[in-house]
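1. what would the 3D arrangement of this be:
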Amino acid sequence: MDDGAVGDSEGAPATTAGQFTLRRFRCRVNGTSMITDLEILRCAALLLKERTVENALLYAAGRAEEERKKGDALGHAVWLQIIDAINEMIRTERSNDEPLQ
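-> Numbers count the residues shown, from 1 in each chain. Reported below is the predicted structural model:
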């Protein structure tokens, strides 16, 4: 399955003509193409690098909504994970009993 997105040989995210795209790894689970946690973090980091925090979150939320409207549950879930990753990256406070990972 080729989703038309581009990236490096490691599957890193890339931008094409101003459009942020995902390249799903060829990892298969029950016949479904999956994206790894590392790829989620790379996508979130790239969005934060190219946009303001607010704009990155709005963009990711818009993409999640687009995927939901298309009926792509996996795409929707991926963009929700990217939103979670962005929020984790920008978080500045930790609780005292929270372990570092």
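2. quick one: low-confidence parts of the chain?
-> Applying pLDDT under 70 to the chain picks out residues 1-34, 100-101.
3. in it, mark out all the strands, start to finish.
-> All strands of the chain, identified by DSSP state E, fall at 14-16, 19-21, 28-29, 32-33.
4. stretch 52-61: which residues count as buried?
-> Buried residues in stretch 52-61, defined by neighbour count with 16 or more other C-beta atoms under 10 Å: 56-57, 59-60. C-beta coordinates here come from the backbone N, C-alpha and C atoms, glycine included.
5. pull the most distant pair out of those.
-> 57 and 59 (7.3 Å; C-beta to C-beta).
6. circling back to that earlier point, would CSV of the buried residues of stretch 52-61 with distance to residue 68 be doable?
-> Putting the buried residues of stretch 52-61 into CSV (distance: C-beta to C-beta, whole Å) gives the following:
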residue, distance to residue 68
56, 19
57, 16
59, 15
60, 13
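7. looking at these, which is nearest residue 91?
-> residue 57 (12.8 Å).
8. shouldn't that closest one be in contact with residue 84?
-> No - taking contacts as C-beta atoms under 8 Å, residue 57 lies outside contact range of residue 84: 10.6 Å.
9. dump the residue contacts of residue 79.
-> For residue 79, the contacting residues are 60-61, 63-64, 67, by C-beta atoms under 8 Å, 6 or more residues apart in numbering.
10. again, only using 7 Å
-> By C-beta atoms under 7 Å, 6 or more residues apart in numbering, the residues touching residue 79 are 60, 63-64, 67.
11. of those residues - the most surrounded one?
-> The most crowded member of these, judged by other C-beta atoms under 10 Å, is residue 60 (25 neighbours).
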